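Participant: Sequence plus predicted model, see below.
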Amino acid sequence: MSVHCRREGNVGYVTLDNAPVNAIGLEMRQGLDRAVTWAESEKLTRVIVTGAGSAFAAGADAREFGAPPVEPHLPDVLARIETSFVPWIAAINGVALGGGLEIALACRYRIAHPDAKLGLPEVTLGVVPGAGGTQRLPRLVGMQKALELIPTGKAVSAQEAKEMALVDLVSETPLIEAAMVVPELLDQIVPLWERPVDQVVSTDAAIAAAQKKQPNQIAPLEAIRLVALAANSEFAEGIKEERRVFIELRSGTQAKALRHIFFAERAAKAPKWLTAAPKPIAKVAVVGGGTMGAGIAYALLSAGLTVVTLETDAEAVERAKANVEKILGQSKARGFVSDAQEIEILGRYSASDDYSAASDADLAIEAAFESMEVKKTVFTALQTVMPSDAVFASNTSYLDLDEIAACLDAPSRLVGLHFFAPAHVMKLLEIVRGKDTSDTALATGYALAKRLRKIPVLAGVCDGFIGNRILQRYREAADTVFMDGSTPWEVDEAMVEFGYAMGPYEAQDLSGLDIAYANRRRQDATRDPNRRYIPIADRMVELGKLGKKTGAGWYRYPGGAGKVEDPIVADLALEESHFEGRIRTDYKPDEIRRRLLLAMINEAAAILEEGIAQSAQDIDVVTVFGYGFPRWRGGLMHYADTLGAAQILADLEALCQEDPLVWKPSKVIVDCAAKGIPFADWKAEG
């Protein structure tokens, strides 16, 4: 049973019990419905509802996502609780999210444990609260607070909830306190369905914030409209409209995409076949104290590990220390770290130019300059000072992990751990398995990801692994469109309209054009001479236009301020097109998007075919959490499935008329089109 009822005197206790987080499914709804009948038939003086374990209730049961609603519906059950002559009290012992908070809102009185978290995060799954949240919350806390919580999906602490009157009391013992609430107080409380909305405010600011922070998303704007409806309509009308919108959005493309990436994120864990025990990690050596190395070091320190940064000389050591201390200072300024925590963290951190400082480290993560020679030198030095059972990891973004491993006496000790900048913020971690990587090293990578609260995705060895390989093709397609008939700002605008926070050119201005330039020079010797090469980015670097850090890249940044279109850059495309003898085409935004997305999808399909990625779902996780692909589109391959393999194949075959080498369809796309299956279902033969 998901709901347990017991009586003590005239008090009824109802416990929500659906481990691990007491998600609300059909059985729990049925149990709550029966509990209302039971409480009334027993003539109880109150009912105290709480959750089993450490959660009150964390929203809908994920197993019912996407399925048709089945009676009893939660709004109907909550209406019975709210209108019952037996008053209900919510003893919120842990997280109360989504439907869990809606249960609490239907109660007459709410008491929260200090560790409780409360919120209505439905918009993050592409829907609105569907059981009265948009109508009850503004009647309880006022319209302004409701607008701060519901359209953003923000959760608040118990103390914050108390300050805004979302809960009546905060107590270490909510069950005991609930039993002690005097009956006269319960009798005086007006149920929320009978209350008006106080503090009515304009929704303009909330709409503007949603359009800025959640562009193109439907649910936040609908949530705002429903909160406004609560202020201007009868409760019954608002509840009816809320339910209609919830049902409509639930079956929409955005909700399906957000559910997909929700499950994909939670499925990102060590594969079942990996049964080896990880190497226990207490101390980590990070080689390189630059931006990436410092971010990795801080992430490790935040997870409670001891860290030593290894650098080349005393001056570099001081820079490394300053970089880590800068991140720590920023965290402290934001209130994430206290004075005492700062002292404790610094007590676990050191930096040295002597590799023997890593002699007692369990793991070394190399984050040095992206050069094969440099990385081999680093690992050769590390293996002379570190324990024989220590695990080595490289943060290389593109280089051949197997070639790096060849410099080691035991290549099996090396695993790829590709962090994303800033490493202490970005959630994605590509775990790269070389041909000799041991299961112990691989398991250690997964264990570290879990400790750092990263989302791990297994990748095979190739140039750029999963994410950067797709990124290279994305940039190549963008450069081709730019040279043949567009401008960087037109390309960027087209991709921002698609849902990216910024387009490929603005993004490259932030990272620096010199990074991609160095990578292209590395690839010169192996580049296919028959593949078209766009030289504009090389000319940009030769002109000293390296991006925002130099005041000019694809855009100009006068005074270090916002970006400004640069006609010199546009002229470079005109010159190069003229040198090639090409007639430029005026690409419209839809065509720009189509070409760039087809390029990425085709490359991703090739990655899947080669076994570099284990599944289409893994590619979705990488593109969303590492490369800014709009979450509400579900990831690159989920989006591809909305187009259909047959349509993608037809589009690629048409583009092959322009360039049969670049646009040749991947075997995966051909297979999926022939079999009529989605990319999500594609499996390698054998």
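Facilitator: Arrived safely, thanks for sending. No experiment lies behind these values; they were computed from the predicted model shown. Numbering: from 1, shown residues only.

Participant: and residue 530, how many neighbours?
Facilitator: Residues lying near residue 530 (other CB atoms under 10 Å) number 7. Quick note: C-beta positions are derived from backbone N, CA and C, even for glycine.

Participant: Make sure it is indeed in a strand.
Facilitator: No - using DSSP: H, G, I helix; E, B strand; the rest coil, the assignment for residue 530 is coil, not a strand.

Participant: Shouldn't residue 49 be within a helix?
Facilitator: No - Residue 49 is assigned strand when assessed by three-state DSSP, not a helix.

Participant: if I look at it, how far off is residue 396?
Facilitator: Residue 49 sits 53 Å away from residue 396, taking CB to CB, to the nearest Å as the criterion.

Participant: more crowded one of these two?
Facilitator: Between residue 49 and residue 396, counted using other CB under 10 Å, residue 49 has the larger neighbour count: 26 against 23.

Participant: Pretty sure the more buried one sits against residue 17.
Facilitator: No - contact criterion CB atoms under 8 Å: residue 49 and residue 17 do not qualify, at 11.5 Å.

Participant: so where's the stretch 551-686 of the chain uncertain?
Facilitator: Across the stretch 551-686 of the chain, the ranges flagged by pLDDT under 70 are 686.

Participant: And the strands in it, which stretches?
Facilitator: Ranges of strands within the stretch 551-686 of the chain are 555-556, 564-565, based on DSSP state E, counting those that start in this stretch.

Participant: ok, now the stretch 401-550 of the chain?
Facilitator: Under DSSP E, counting those that start in this stretch, the stretch 401-550 of the chain gives strands at 414-418, 428-432, 455-459.

Participant: got a list of contacts for the last one?
Facilitator: If I follow you right, that is strand 455-459. With CB atoms under 8 Å, 6 or more residues apart in numbering as the test, strand 455-459 has contacts from 265, 268-271, 416, 418, 427-433, 445-446, 449-450, 465-466, 612-614, 618, 621-622, 625.

Participant: what about the helices in the stretch 1-150 of the chain?
Facilitator: Along the stretch 1-150 of the chain, counting by DSSP state H, counting those that start in this stretch, helices occupy 26-41, 74-83, 99-106, 133-141, 143-149.

Participant: And the next helix or strand past the last one?
Facilitator: It stands for helix 143-149. Following helix 143-149 in sequence order, the next helix or strand is strand 155-157 (DSSP states H and E).

Participant: So, low pLDDT: which residues of the chain?
Facilitator: For the chain, applying pLDDT under 70 flags the ranges 686.

Participant: try 90 this time
Facilitator: Where the chain drops to pLDDT under 90, the residues are 1, 59-69, 198-200, 511, 514-519, 522-525, 549, 559-562, 576-583, 683-686.

Participant: Tell me which of the strands of the stretch 551-686 of the chain sits nearest to residue 77.
Facilitator: Residue 77 lies closest to strand 555-556 among these, at 55.1 Å (CB to CB).

Participant: Centre of the chain to the closest one, how far?
Facilitator: Between the centre of strand 555-556 and the centre of its chain there are 30 Å (CA atoms, centre = their mean, to the nearest Å).

Participant: Over to stretch 491-500?
Facilitator: 19 Å.

Participant: How about stretch 509-519?
Facilitator: With CA atoms, centre = their mean as the basis, stretch 509-519 stands 25 Å off its chain's centre.

Participant: for the helices of the stretch 1-150 of the chain, which one ends up most surrounded?
Facilitator: Among the helices of the stretch 1-150 of the chain, ranked by average contacts under mean count of other CB atoms under 10 Å, first place goes to helix 99-106 (a mean of 28).

Participant: still on that earlier bit, dump the strands of the stretch 551-686 of the chain to a markdown table, plus distance to residue 188 and mean neighbour count.
Facilitator: Formatted as a markdown table, the strands of the stretch 551-686 of the chain follow (distance: least, CB to CB, whole Å; neighbours: other CB atoms under 10 Å):
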| stretch | distance to residue 188 | mean neighbour count |
| --- | --- | --- |
| strand 555-556 | 62 | 20 |
| strand 564-565 | 62 | 12 |
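
Participant: Which among the ones you listed is found nearest to residue 439?
Facilitator: strand 555-556 (47.0 Å).

Participant: Show me what that closest one is in contact with.
Facilitator: Contacts to strand 555-556, defined as CB under 8 Å, 6+ apart, come from residues 488-489, 505-506, 509, 563-566, 569.

Participant: what's the burial count for residue 162?
Facilitator: Counted with other CB under 10 Å, residue 162 comes out at 18.

Participant: ok now the host helix or strand of it, how far from the chain's centre?
Facilitator: Per DSSP H and E: residue 162 is located in helix 158-163. Computed by CA atoms, centre = their mean, the separation of helix 158-163 from the middle of its chain amounts to 27 Å.

Participant: ditto for stretch 207-215
Facilitator: 18 Å.

Participant: which parts of it are buried?
Facilitator: Buried residues in stretch 207-215, counted by 16 or more other CB atoms under 10 Å: 207, 209-210, 214.

Participant: Pull the residues that contact it.
Facilitator: 123, 151-152, 217, 220-221, 224, 499.

Participant: Would you mind writing the CA trace of that stretch as PDB?
Facilitator: Provided in PDB are the C-alpha atoms of stretch 207-215 (Å, rounded to 0.1, in the frame of the first residue of the first chain):
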ATOM      1  CA  ILE A 207       6.600  37.700 -18.400                       C
ATOM      2  CA  ALA A 208       9.700  39.600 -19.300                       C
ATOM      3  CA  ALA A 209      11.800  37.400 -17.000                       C
ATOM      4  CA  ALA A 210      10.400  34.200 -18.500                       C
ATOM      5  CA  GLN A 211      10.900  35.400 -22.000                       C
ATOM      6  CA  LYS A 212      14.500  36.200 -21.200                       C
ATOM      7  CA  LYS A 213      15.500  33.200 -19.100                       C
ATOM      8  CA  GLN A 214      13.200  30.600 -20.600                       C
ATOM      9  CA  PRO A 215      12.800  31.700 -24.200                       C
END
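
Participant: For residue 443, which non-adjacent residue is closest in space?
Facilitator: Leaving aside its sequence neighbours, residue 443 sits nearest to residue 278 (CB to CB, 6 or more residues apart in numbering; 4.1 Å).

Participant: Can you tell me how far the one you found is from residue 361?
Facilitator: 15 Å.

Participant: Those two - which one has more neighbours?
Facilitator: Legend: neighbour count by other CB under 10 Å for residue 278 and residue 361, higher for residue 361 (25 against 21).

Participant: Residue 526 - how many residues pack around it?
Facilitator: Using other CB under 10 Å, residue 526 has 7 other residues around it.

Participant: From here on, call the first residue 553.
Facilitator: Okay, using 553 as the starting number, the last item reads as residue 1078.
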